[in-house]
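*Asks:* Give me a 3D structure for the following:
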Amino acid sequence: MTSIIILIFVLGYLSITLEHSFKLDKTVPSLLMAAVMWALLAIGFHQGWFSVVDGHENVFSMLTSTDPEATDEGFTNLLLHHLGKTSEILVFLIGAMTIVEIIDLHRGFEILKSWVKTKSKKKLLWIIAILGFFLSAIIDNLTATIVLITLLRKLIPNKTDRLWYAGLIVISANAGGAWSPIGDVTTTMLWIAKKVSADHLVERLFIPSVVCVVLPVFVASLLPAFRGQIEIDTNEYNEEDKSLLSSKTMLFLGLGMIISVPIFKSVTHLPPYIGMMLALGVVWLVSEYIHPEEDFTEERKHLYSAHQALSRIEMSSILFFLGILMAVAALESLVYGTVTIEGQEVQVGTLRYMAEMLNNTIPNHSVVIALLGVLSAIIDNVPLVAASMGMYAEPLDAKLWHFVAYSAGTG
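*Replies:* Okay, the predicted model is just below:
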C-alpha cells in the first residue's frame, strides 16, 4: 500500500511535468493525486496497514493503539493541520492576485509605460531589467513578467527584438522574486511555513539576486540585438493604452498595501495571510468609491469593481497549489521507516526518510539544493520546494532554506 501511494505521487508528478504532451491542465492530475493519496492513506491507516506522523514526530497507528478513538482523532487533526497550512498559502495568493487584478482593471500598470522615455535599446534593456527585478519582488515574478511583456508589445513593434527583451525579463523577474517573501510562490511558501523570515531573506539574498540579474543583462547589452534605436509605431496607440484618473492612485495603493504585509507580520506576529486580508480590504474599499473616469456613472462601476477582478484571477492555479501541497503533505505524513536522531530510533515520514537517505549518499546539502535548482528550470518548482520543506528539519533562517529559495527561484 505504501508503494502504491508513492507510485500515485510519481505518476501524478509526471503528468504535471508532461502536461503539454498530454494536453491536460496540470490542475487535474494535481487534484486527483491529492484526493486518491489521502483516501488510500485513510483506508490504510484505519485498517492498521501503516502509521502516520505529525510535525512533532508523534506517531499514530491503529495497530498498536490502546485508544482507537484518540488515534483516529490524531489522524483527523493531522489532515486539518495540513489543510490549514495549505489554506494559509492559498488565501495569501488569492488576496495578492486580486489586488494585482484591481490595479490592472484601473490600468495602473500603464503608469509604468510613461516612465520609459528612452529610444535606446541598451538603455531600455537596463530599465526593463530593473523594473522586472523590483516589480517581481512586490507582485510576484509571473505577474511582473506578464505586465512587462505586455508593456514591451506597446513599446517595441519588432517581434524579434521583443523576444530578446522577453528572455531578459524572465531572468530579471526570477531573480527579483527570489529575495522577496512575496516575490515568488516558493519564497512565500517558505515564509508562511516559518522556514525563513522576511528581513533575513532580503538581507542574505538581495546581493546574490542582483548579481544573478546584472551579469546576464551586462552580457546581453554587448550583443548586436541591443544596439541602436527603437522605432516606435505611433499608430499602435489606442484608447486602452490611456491611463485613467484612478490609475496612479490604485497602482501606488495596491503595491504599497502588498509591501505592507511583511511589515504587518513583523509588528503583529500574525500569519501573513491576515495582513494580505487587510491589504485586500483596504484596496477593495478604495476601489468602491474612486472615480476612474470623468462623468463616471453607476452603470460603469462594475467594470472596475473587485468582483470583476475576482472573476479574472486564475483559480486553476490556486487549485493546482491546493492539490500539489496536499499530495506532498500525504507523503510527509506517511511513515516509511526509522532513522537515528540524537542516538534514538525514530519513525519518520516518507520525505524525511528520503532526506536521511540523501544525506547518507550525498552528505553535502548544497549539492542536493543545487540539483533542486537545476530541476526547477525543467519542471515546476512548487512541488520541489514543498518536498524539500518536508524533507529537512532545519530551524528558521538556516542557510539551507535561503539556498532553497535562491536555487528554486532563479532556476
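
*Asks:* okay, CA-based contacts and neighbour counts for the rest of this
*Replies:* Will do.

*Asks:* How much space separates residue 203 from residue 313?
*Replies:* Noted for residue 203: a distance of 32 Å to residue 313, by C-alpha to C-alpha, to the nearest Å.

*Asks:* do the same with residue 280
*Replies:* Distance of residue 280 to residue 313, given as C-alpha to C-alpha: 14 Å.

*Asks:* ok, now residue 61?
*Replies:* With distances taken as C-alpha to C-alpha, residue 61 is found 41 Å from residue 313.

*Asks:* The two: which has the busier surroundings?
*Replies:* It is residue 61, of residue 61 and residue 313, that has more neighbours when counted by other C-alpha atoms under 10 Å, with 22 against 19.

*Asks:* who's in contact with the closest residue to that one other than its chain neighbours?
*Replies:* Spatial nearest neighbour of residue 61, chain neighbours left out: residue 51 (4.6 Å); criterion: C-alpha to C-alpha, 6 or more residues apart in numbering. Contacts for residue 51 (C-alpha atoms under 8 Å, 6 or more residues apart in numbering) come out as 45, 59, 60, 61, 62, 334, 335.

*Asks:* Pick out whichever of the residues you listed sits closest to residue 191.
*Replies:* Taking C-alpha to C-alpha as the measure, residue 191 lies nearest residue 334 of those, at 24.4 Å.

*Asks:* The closest one: neighbour count?
*Replies:* 24.

*Asks:* Can you give me the buried ones in the helix or strand where residue 360 lies?
*Replies:* Residue 360 belongs to helix 350-361 when assigned by DSSP states H and E. Residues 350, 351, 352, 353, 354, 355, 356 are the ones in helix 350-361 that count as buried (16 or more other C-alpha atoms under 10 Å).

*Asks:* what's near enough to touch the second one?
*Replies:* Residues counted as contacts of residue 351 (C-alpha under 8 Å, 6+ apart) are 331, 332, 387, 388, 390, 391.

*Asks:* Over to the last one?
*Replies:* Residue 356 sits next to residue 339 when contact means C-alpha under 8 Å, 6+ apart.

*Asks:* now the strands for the stretch 1-150 of the chain?
*Replies:* 52-53, 59-60 (DSSP state E, counting those that start in this stretch).

*Asks:* Now distance to residue 145, mean pLDDT and mean neighbour count too, for those, in a markdown table please.
*Replies:* Shown next, in a markdown table, are the strands of the stretch 1-150 of the chain (distance: least, C-alpha to C-alpha, whole Å; pLDDT from 0 to 100; neighbours: other C-alpha atoms under 10 Å):
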| stretch | distance to residue 145 | mean pLDDT | mean neighbour count |
| --- | --- | --- | --- |
| strand 52-53 | 40 | 89 | 24 |
| strand 59-60 | 44 | 88 | 22 |
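
*Asks:* Next, format those as a markdown table and append distance to residue 96.
*Replies:* A markdown table is the format used below for the strands of the stretch 1-150 of the chain (distance: least, C-alpha to C-alpha, whole Å):
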| stretch | distance to residue 96 |
| --- | --- |
| strand 52-53 | 33 |
| strand 59-60 | 37 |
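
*Asks:* and of these, who's closest to residue 6?
*Replies:* strand 52-53 (14.3 Å).

*Asks:* Please tell me how far the helix or strand where residue 168 lies is from the chain's geometric centre.
*Replies:* Using DSSP H and E, residue 168 falls within helix 159-178. In terms of C-alpha atoms, centre = their mean, to the nearest Å, the centre of helix 159-178 is found 18 Å from the chain centre.

*Asks:* same check, this time on stretch 55-64
*Replies:* Using C-alpha atoms, centre = their mean, the offset of stretch 55-64 from its chain centre is 31 Å.

*Asks:* Stretch 369-376 now?
*Replies:* Centroid separation between stretch 369-376 and its chain, computed with C-alpha atoms, centre = their mean, is 16 Å.

*Asks:* Please apply the same query to stretch 215-228.
*Replies:* The answer for stretch 215-228 is 30 Å, by C-alpha atoms, centre = their mean.

*Asks:* same question, stretch 379-389
*Replies:* On the basis of C-alpha atoms, centre = their mean, stretch 379-389 sits 10 Å off its chain's mean C-alpha point.

*Asks:* circling back to that earlier point, now, which of the contacts of residue 51 sits nearest residue 382?
*Replies:* Taking C-alpha to C-alpha as the measure, residue 334 is the one of the contacts of residue 51 closest to residue 382, at 20.2 Å.

*Asks:* what about the residue nearest to residue 61, distance to residue 333?
*Replies:* Distance from residue 51 to residue 333, counting by C-alpha to C-alpha: 8 Å.

*Asks:* ok, now residue 225?
*Replies:* Distance of residue 225 to residue 333, given as C-alpha to C-alpha: 52 Å.

*Asks:* hang on, the earlier thing: tell me the least confident of the contacts of residue 51?
*Replies:* Across the contacts of residue 51, the bottom pLDDT score, 84, is held by residue 62.

*Asks:* Determine the number of other residues adjacent to the residue nearest to that residue when sequence neighbours are not counted.
*Replies:* Spatially, and ignoring its direct neighbours in sequence, residue 62 is nearest to residue 48 (5.0 Å; C-alpha to C-alpha, 6+ apart). Using other C-alpha under 10 Å, residue 48 has 14 other residues around it.
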